[in-house]
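S.K.: prediction below, plus the sequence it came from.
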Amino acid sequence: MKKMSEEYTQLVKKCCKRDERAMRSLYEEMAPMAMGVCMRYSRSREEAQDLMQDGFIKVFEKLRSLKDPEKVGAWIHQIMVNVCIDSFHSRKELRCLDDSDAEPVTMPLDPFAMEEIVAAIQQLPPHQRAVFNLVEIEGYSCEETAQRLRQKASAVRATLCRAKAALRGMLNN
Amino acid sequence: MDWKDYLEQPDSGLFEKIERRLRRRRLMRRAGVAATVAVVAAVAALALWPASAGNESDASQQVAMLQSPEGISRSDGFRPDKSAVSNENGEALKPATSNTPEAVMPDRKPRKDPSSLFRLRRIPLWMLLMPSHPLVPSRNPFLWRQMKPRSVSFRREKLT
C-alpha cells in the first residue's frame, strides 16, 4: 500500500510537469472509478462520459493544488461528484420539493447486481438521482446534501423517500 | 455492497479528447494573457507619454520660424500682418523688440496638427508589442519620455 502511495505521488508530480505519459497512466488508473461515479449521476453512458471529460479537465488543471498526492483517488472521486452536482445546477434540473411529512425508508440493495441498480438509478428523475447518490452512496447527511443542492433538509428527505420508492418499484419489476 | 467496487470502463479515445481540450484551453489562456499584456503596455505608454509631446511638430515649426531670417513662414497659412511694421507713409518701422521672440510669435495658440492628437502614432505598434526588439531605440518604454526634444520654452530662454 505504501509503495502504491509513493507511485501515486510520483505520478502526480509528473502530471504537474505536464508529462503526457504520466497523465495517461493516471487517467487509465482512475477512469473506471470516475466513470462509475458519473454513471450513477447521469441518465446515460454518453452523458456520463461528458461529465467525466469535464471532471478530468478539472483534475489536470487543478492537480497542482492537491496537497496530499497519496489521496489522489479520493480527490478525483470528490471532483467527479462536484462536477456532476454542478452540471445539475447549471441545467436547473433540480427542483425544490418540500414534503416534510415523508418518513425515511430503508431499502436493502444487496440482492441486486450493481449494474441493475445503476440502470435503475439512471432512470430516476435528476433531482431524485442526485439525492439518492449523495445520501445513500456518498454517505452525506440529509442536511449536508440539502446544503449542496441548495434545498431544504426536509425536501431532501422527501425526495429520498420518493427515490427509494421509485427504485423499489423498478427493481421489483 | 461497496460502491467503490463499481467500476465502469469508458470508451476508448476519451483521453485524446481530454488532451485536445486541455491543449486548446492552454492556448486560449496564453492568448488571453498576451492580449492583456499588449493592452496594458499600450495604456501605460499612453499614460507615460507627456502631453506636450503631441505638439512637437508645432514646437519645431516655431523654433524654425524664430531662427529664420525672413521671419514667419508656416505651413498652416499664418502670415504676419505687414501693416503692423510700416507707418501710414509706407515707411518701415523697426519694432523696439524686434529681436525678441515675443515680437515675432503670434499671441494666439498655434493650431494643433490634427494628427498629433493621436499621440501614439509616434510609437510604431510593433515597438509597443516588442519593446525588447534591438531596433527599438530604447528598450525600456519608461525611458521613452526622455527621448522627446527639449521643450520650446527652454529654447526660447536660450534665444532670449
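M.R.: Everything's here; your move.
S.K.: what residue ranges in chain A score low on pLDDT?
M.R.: Across chain A, the ranges flagged by pLDDT under 70 are A:1-3, A:92-111.
S.K.: any idea how far residue A:164 is from residue A:121?
M.R.: Separation of residue A:121 from residue A:164 (C-beta to C-beta, to the nearest Å): 11 Å. Any C-beta I mention is one placed from the backbone N, CA and C, and that applies to glycine too.
S.K.: now the residue of chain B at minimum distance from chain A. Its backbone dihedrals?
M.R.: Nearest residue of chain B to chain A, counting by C-beta to the nearest C-beta: residue B:7, 3.7 Å away. For residue B:7, the backbone dihedrals are phi -120, psi 150 (criterion: degrees, to the nearest 10).
S.K.: surely it is in contact with residue A:36?
M.R.: Yes - look at residue B:7 against residue A:36 with C-beta atoms under 8 Å: they come within range, at 5.2 Å.
S.K.: next secondary structure element downstream of the longest helix along chain A?
M.R.: If you go by DSSP state H, chain A has its longest helix at helix A:20-41. Note on helix A:20-41: by DSSP states H and E, the next helix or strand toward the C-terminus is helix A:45-62.
S.K.: hmm, who's touching that following helix?
M.R.: For helix A:45-62, the external contacting residues (C-beta atoms under 8 Å, 6 or more residues apart in numbering or on different chains) are A:15, A:23, A:27, A:30-31, A:34-35, A:38-39, A:41-42, A:75-76, A:79-80, A:83-84, A:87, B:8, B:10-11, B:14, B:17-18, B:21-22, B:25.
S.K.: residues from chain A in reach of chain B?
M.R.: For chain A, the contact set with chain B under C-beta under 8 Å from any C-beta of the partner chain comprises A:20, A:23-24, A:27-28, A:31-36, A:39-40, A:48-49, A:52-53, A:56-57, A:60-61, A:109-110, A:114, A:118, A:137.
S.K.: which residues touch the residue of chain B closest to chain A?
M.R.: Applying C-beta under 8 Å, 6+ apart, the residues contacting residue B:7 are A:32, A:33, A:35, A:36.
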